[in-house]
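Participant: Test case, fold it:
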Amino acid sequence: MGRVRDRTEDRVSDEEPLPLDAVLPWSVPAPRAGRDWPLATDPGTARARWAALIAARDEEAREALLVPSRARTLHTAVAQLPGQSTGTGRLARESGPAPEPVRVAFGPYEERFLLPDHRLVDAPRPELWRVADASQLFLVDNPRAPRLTVTALLPFGAGAGSRVHPLFRRPGGREPNLAPGLLAHLSARYGQPVTPLDVLDWLLATGRRVRLPGTYEEWAAGTALGRALREVALRGHGAHAGPRPRLPGGHRPWVREALDLSPRGELPALAYESGDHALRVGEAGVVAPVAPAAWEAHSEGERVLTRWFGARVSDPARRGLAAIVPRAWPREWTSDLLALLTDLTLHAERAATCAEFAAAGEAGAYGGARVGAGELRAAGVLPVPPAARRPATVLETREEGPEGQFALL
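Facilitator: Numbering: from 1, shown residues only. As a prediction, the model looks like this:
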C-alpha cells in the first residue's frame, strides 16, 4: 500500500513547483531483496545458487546459506509473488527445482536475474508485480540521485528511501497513475493531445520539482528531450522502447586487446587513460574509445564500472551462495560491457542537455504563464483524491497463499 502523506499540493502556491506525487499519486517504496545472492548476473548462476541451497539437507547449514533476516527465515510463510508459480511451503522443507529467474533492473544502469520466490526476498512489493508487464514503466525517485530514472523492469537496487511510481495502475497500460483530470486539462491548455508517456518524458527532462509549462512549444521541446533519455534508459525492454540507441561511428567502444578474465579470479584492476580514451581492464585488456563520462559514472556513491565488474568475479570477502559465479567469463558479458559503456555515454550526454533545458525553464526563458497549483485546483485536478494514492484492485492472476492456501486479495 502507498504510504499516507500530507497533501503538500494543498499548500503549494502558483510560484512553487508541484511535488511529484501531485502528478503521479500512487507510489511505493522500491523493492528490496534483503540479501544479495538471489540477484545474479545470469540465469545459470541464479539456478546454481538455488540448487546449492536445496542441497543443504541440514537445517542449520541451509539457514546459514539463506542469510535469514527479521523478514525471512526458513520457516517464514508467505504467498506467491503475483504472476509466479513458486512454492509457498516453508523453505526448511523445500526440495523443488529453481524458480525461473526474472530479469530486473538493478539501479539505473544495470540488470540482474532474480529468483522470484517470495520466501527469498524481504520486500518485493507485490503490488508492483501485479501491474508489471510489457506496457508498464516505472519512474524511480531516488533522493540520493540527481535525476529521476525510468525502467520497464521491476526496479531493485534503487537505494534507501527510493520510491517507485508506476505509470499505469493496471496491466495492459490501463488507467494512468496520474492526478485525475490532469491529461484532459493539459490537452485543453495546449490545444494538443497529451498522453501519459508525454507526462513521464516531461518529468525525465525536468526533474522531481514539477513545473508544468504554459506553452505547447516548451512542452513539446521538453518531452522530446525526455523521450531521448528514456530511449537509453529502457535498454530495448518493453513496449515503449525501440532499438537501443548507438553511438556514431568512430565513437563506439570496442575491444582492442582481449579481456583475459576469469570470474573466479580477483577483481581486475580498472584504469582509464584519458589521452587515448581507453579503459584498461586487468593486465592486458583494453576497450576504446571510452568517453570520460562513462568512466566517471557513479551510482549510490560507487563507480558503475567497478560495481559491474565486482558482481561478475569471485570476491574473497563474499561468502555463501553469493560466492557462486560462472566458471568462465561468458562471451555475452563482453557484449554487455560494450553496451553498458554506450548507455553510460549517451545517458550523460542527454542528461546534460535535459539539465540545461530545465535550468532555462526555471529561469523563465520560455515565457508564458505556467500551469500552477491554483489553476489545477480551479480545474478540480487538485487536490488528488485519496483513492488515487492507493493501488487499484488487480485480480489478473490467481495467487497462492502461504502453505498452498488461496490468497484473498
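
Participant: tell me which element L128 is part of?
Facilitator: For L128, the element it lies in under DSSP states H and E is helix 126-131.

Participant: other SSEs contacting whichever helix or strand comes after that helix?
Facilitator: As assigned by DSSP H and E, the chain's next helix or strand after helix 126-131 is strand 138-141. Contact here means 3 or more C-beta pairs under 8 Å, 6 or more residues apart in numbering; DSSP states H and E; on that basis strand 138-141 packs against strand 149-151, strand 163-166, helix 196-206. C-betas here are computed from N, CA, C, even on glycine.

Participant: what does the helix or strand hosting W308 contact?
Facilitator: Using DSSP H and E, W308 maps to helix 304-310. Outside helix 304-310, the residues within contact range by C-beta atoms under 8 Å, 6 or more residues apart in numbering are 109-110, 267-268, 270, 279, 281, 294-295, 297-299, 337, 340, 344.

Participant: Which among these count as buried?
Facilitator: Taking 16 or more other C-beta atoms under 10 Å as the criterion, what is buried in the contacts of helix 304-310 is 109-110, 267-268, 270, 279, 281, 294-295, 297, 299, 337, 340, 344.

Participant: Keep only those of the residues you listed that are in helices.
Facilitator: Members of those lying in helices (criterion: DSSP state H): 294-295, 337, 340, 344.

Participant: want to try CSV for those residues, with pLDDT and distance to H237 as columns?
Facilitator: Shown next, in CSV, are these (pLDDT from 0 to 100; distance: C-beta to C-beta, whole Å):
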residue, pLDDT, distance to H237
A294, 98, 21
W295, 98, 25
L337, 97, 18
L340, 98, 15
L344, 98, 17
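
Participant: Which pair of these spans the longest distance?
Facilitator: W295 and L337 (12.7 Å; C-beta to C-beta).

Participant: show me the contacts for E231.
Facilitator: Counting by C-beta under 8 Å, 6+ apart, the residues that E231 touches are 241-242, 244-245.

Participant: where's the dip in pLDDT among those?
Facilitator: For the contacts of E231, the minimum pLDDT belongs to G242; the value there is 90.

Participant: Format the buried ones among the contacts of helix 304-310 as CSV; extra columns: distance to E257.
Facilitator: Shown next, in CSV, are these (distance: C-beta to C-beta, whole Å):
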residue, distance to E257
Y109, 24
E110, 24
L267, 19
P268, 13
L270, 14
L279, 11
V281, 9
A294, 18
W295, 17
A297, 22
S299, 27
L337, 14
L340, 18
L344, 21
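
Participant: re earlier: of the ones in helices among the buried ones among the contacts of helix 304-310, which is the nearest to S69?
Facilitator: When those are compared for distance to S69 (C-beta to C-beta), L340 wins out at 30.5 Å.

Participant: do you know how far the closest residue to H185 other than its chain neighbours is from G265?
Facilitator: Among residues not flanking H185 along the chain, A379 sits closest, at 4.8 Å (C-beta to C-beta, 6 or more residues apart in numbering). Note on A379: its distance to G265, by C-beta to C-beta, to the nearest Å, is 62 Å.

Participant: Same question for A160.
Facilitator: For A160, the distance to G265 equals 32 Å [C-beta to C-beta].

Participant: Also E273?
Facilitator: 22 Å.

Participant: Distance check, E16 against P31.
Facilitator: With distances taken as C-beta to C-beta, E16 is found 31 Å from P31.

Participant: Those two: which has the busier surroundings?
Facilitator: Neighbours per residue, other C-beta atoms under 10 Å: of E16 and P31, the larger number sits with P31, 25 against 15.

Participant: That one: what's its closest spatial neighbour, skipping adjacent residues?
Facilitator: Spatial nearest neighbour of P31, excluding adjacent residues (C-beta to C-beta, 6+ apart): R125 at 4.7 Å.

Participant: what sits against that neighbour?
Facilitator: So R125 contacts 28-31, 164 (C-beta under 8 Å, 6+ apart).

Participant: can I get those residues in TSV with secondary structure and distance to R72?
Facilitator: Listed next are these as TSV, based on DSSP: H, G, I helix; E, B strand; the rest coil; distance: C-beta to C-beta, whole Å:
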residue	secondary structure	distance to R72
V28	strand	19
P29	strand	17
A30	coil	18
P31	coil	14
V164	strand	21
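
Participant: Mind picking the one among those that's closest to T45?
Facilitator: Nearest to T45 out of those is P31 (C-beta to C-beta; 19.9 Å).

Participant: mind checking how far the closest one is from V140?
Facilitator: 10 Å.

Participant: what do you get for A152?
Facilitator: Distance, A152 to V140, using C-beta to C-beta: 12 Å.

Participant: what do you get for W333?
Facilitator: From W333 across to V140, the span is 25 Å (C-beta to C-beta).
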